[in-house]
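Chemist: the sequence and its predicted three-dimensional model are supplied below.
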Amino acid sequence: MRVAGIQFSCEESKEQNISKAEELIKSAVDRCQPQLVCLQELFTTRYFPSQFDYSFFNLAEKIPGPTTTRMAQVAKQHGVYIIAPIYEEAEPNLYFNSAPLISPDGKILGVYRKIHIPLFDYTLKDDTNGEMRHISSYEKFYYAGGNDVPIFDTDIGKIGILICWDNEFPELWRLLEMKGVEFVFSPYAMSRPTGEFYKEQWLFEARCCAYYFTTYVMKVNRVGPEGEMVYRGKSLVVDPTGKLIAGPASEEKDDILWADLDLETVRELRNRRPRLMNRRPEVYRQLCEPLAKLETIFTGEPSPHGKPT
C-alpha cells in the first residue's frame, strides 16, 4: 500500500489553510496515487498554543463539523483515507487536540485524541548560528488529554495515530503493538533549532519506535515561521527495521512525501522477534502506578513489591 504525508506552512486564516490542504491532497493524488494521506497536527490553524490568548478557543469545532465535512468530500472525490488533525470542541468547555480518520467513502471511522499534553517554555541554542531560539507550548491551557489508544482496522491495514508529544511515551507504542498496529501516523507541530543534532534526534526517535515496536512510522510535521517559532518540516517514513524509506522532506517549505508499505514485512518481523509473547507484565506492575506511589523507588525504601535494588 502507498501512503503520503503533507507538510505545509499555515496562515492566520482557517479557510486559507483548509483550501491549501485540499489543493495539496489533490497534488499528492496526482503525483503518487496514495491510499492514505496524513496531514500535520492542527492543520487548520497556526500553532496557537505557543501563546496565551482566550480568543483562540474560538478556533475549535465539532467532529463531525465544517472541516471534517470538507475533508470527507475530498476523501470521496479522490478515493483516499485522510487523517485530518484539528482542534476539537467535544462538549461545551471541553476541548481536545484530535485526529479524525476519514474513509474513502467519506465516513469518520474514529477519532484519536492526543493523550499527553505538554506545558513548557524554554530556549535552545541554534547550532548553526549560535542564536537562542524560544520554544513554548501551553497546550494544557487549551485542551484536555484523551484516554483511549484506538486501532483503526481498515481494509488497507491496522492504523494507529499518535500526536506529537505522545511519541515520547513508549507505553503508548507498546499498547499499539499489542493491539496489532501495522503502521503509525504521527502528526506534529515540532519547532526546533537548526543543526545536525536536532535532525539526528528527529530521525533517531522514529527509528527507535519503528524498530522496538515493529511497525512503519510516518512523522508529518508543519513547516515555516510562525511568530517567534520556526517549524522545521523534515517529515519522513521509517520501516519496521528502522530504515529511512522516505524523506526527510524539506526543512523550509511545503512538501509531499510518500512511501510504499509492505504489511507482510511487519508480520514476518514480529514472528522473527516475538517480543509480545516474551513480555513479563508481572515485572512491570510499577509502571502502572502513579508517580507519587513510586517515591519509595527513588528513596530506596521498601515498597509493597519488595525492596528496590
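Modeler: Nice, I can see it.

Chemist: the residue nearest to Leu287 when sequence neighbours are not counted and Glu23: what is the separation?
Modeler: Spatial nearest neighbour of Leu287, excluding adjacent residues (CB to CB, 6 or more residues apart in numbering): Glu171 at 6.8 Å. (Glycine included, C-beta is placed from N, CA and C.) Note on Glu171: its distance to Glu23, by CB to CB, to the nearest Å, is 38 Å.

Chemist: just Ile159 next, same as before
Modeler: 24 Å.

Chemist: and those two? Which one has more around it.
Modeler: Ile159 (25 against 14; other CB atoms under 10 Å).

Chemist: so who does the residue lying closest to the more buried one once chain neighbours are set aside touch?
Modeler: Distance criterion CB to CB, 6+ apart; nearest residue to Ile159, sequence neighbours excluded, is Phe152 at 4.2 Å. With contact set as CB atoms under 8 Å, 6 or more residues apart in numbering, Phe152 has these partners: Leu101, Leu109, Gly110, Lys158, Ile159, Gly160, Ile161.

Chemist: right, and the helix or strand after the helix ranked longest in the chain?
Modeler: Counting by DSSP state H, the longest helix found in the chain is helix 14-32. Once the chain leaves helix 14-32, the next helix or strand it forms, by DSSP states H and E, is strand 36-39.

Chemist: so what are the sheet partners of that next one and their directions?
Modeler: Its sheet considered, strand 36-39 pairs with strand 2-7 (parallel), strand 81-83 (parallel) by DSSP bridges.

Chemist: ok, back up a step: please indicate which of the contacts of Phe152 are buried?
Modeler: Buried members of the contacts of Phe152, counted by 16 or more other CB atoms under 10 Å: Leu101, Gly110, Lys158, Ile159, Gly160, Ile161.

Chemist: didn't the first one look like it was pressed against Leu109?
Modeler: So that's Leu101. Yes. Using CB atoms under 8 Å, Leu101 is in contact with Leu109, at 4.7 Å.

Chemist: which residues of the chain score low on pLDDT?
Modeler: Scanning the chain for pLDDT under 70 picks out 193-194, 293-309.

Chemist: so for it, the centremost residue is which one?
Modeler: In the chain, the centroid-proximal residue (CA atoms, centre = their mean) is Ser186; its distance is 2.4 Å.

Chemist: need the contact list for that one.
Modeler: Counted by CB under 8 Å, 6+ apart, Ser186 has contacts Ile161, Leu162, Ile163, Cys164, Asp166, Asn167, Ala206, Val217, Met218, Lys219, Val220.

Chemist: re earlier: which helices and strands sit right next to the longest helix of the chain?
Modeler: Judged by 3 or more CB pairs under 8 Å, 6 or more residues apart in numbering; DSSP states H and E, helix 14-32 is in contact with strand 2-7, strand 36-39, helix 66-78, strand 255-260.

Chemist: just say helix, strand or coil for Leu160.
Modeler: Leu isn't right for residue 160; it's Gly. Counting by DSSP: H, G, I helix; E, B strand; the rest coil, the backbone at Gly160 sits in strand.

Chemist: beta partners of it?
Modeler: Val184.

Chemist: how close does it get to Ala246?
Modeler: 18 Å.

Chemist: same thing with Pro274?
Modeler: Counting by CB to CB, the gap from Pro274 to Ala246 is 28 Å.

Chemist: of these two, who's got more company?
Modeler: Ala246 (19 against 11).

Chemist: quick one, phi psi at the more buried one?
Modeler: Backbone torsions for Ala246, taken as degrees, to the nearest 10, come to phi -160, psi 140.

Chemist: my guess is it meets Leu236, correct?
Modeler: Yes. Shown here, Ala246 and Leu236 form a contact pair, counting by CB under 8 Å, at 6.3 Å.

Chemist: just the strands in the stretch 151-300 of the chain please.
Modeler: For the stretch 151-300 of the chain, applying DSSP state E, counting those that start in this stretch gives strands covering 152-154, 157-161, 183-188, 216-221, 223-226, 229-232, 236-238, 244-246, 255-260.

Chemist: switch the ones you listed over to JSON lines; also include distance to Thr68.
Modeler: What follows is the strands of the stretch 151-300 of the chain, written out as JSON lines (distance: least, CB to CB, whole Å):
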{"stretch": "strand 152-154", "distance to Thr68": "15"}
{"stretch": "strand 157-161", "distance to Thr68": "15"}
{"stretch": "strand 183-188", "distance to Thr68": "15"}
{"stretch": "strand 216-221", "distance to Thr68": "18"}
{"stretch": "strand 223-226", "distance to Thr68": "23"}
{"stretch": "strand 229-232", "distance to Thr68": "24"}
{"stretch": "strand 236-238", "distance to Thr68": "25"}
{"stretch": "strand 244-246", "distance to Thr68": "27"}
{"stretch": "strand 255-260", "distance to Thr68": "22"}
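
Chemist: okay then, goodbye and thanks.
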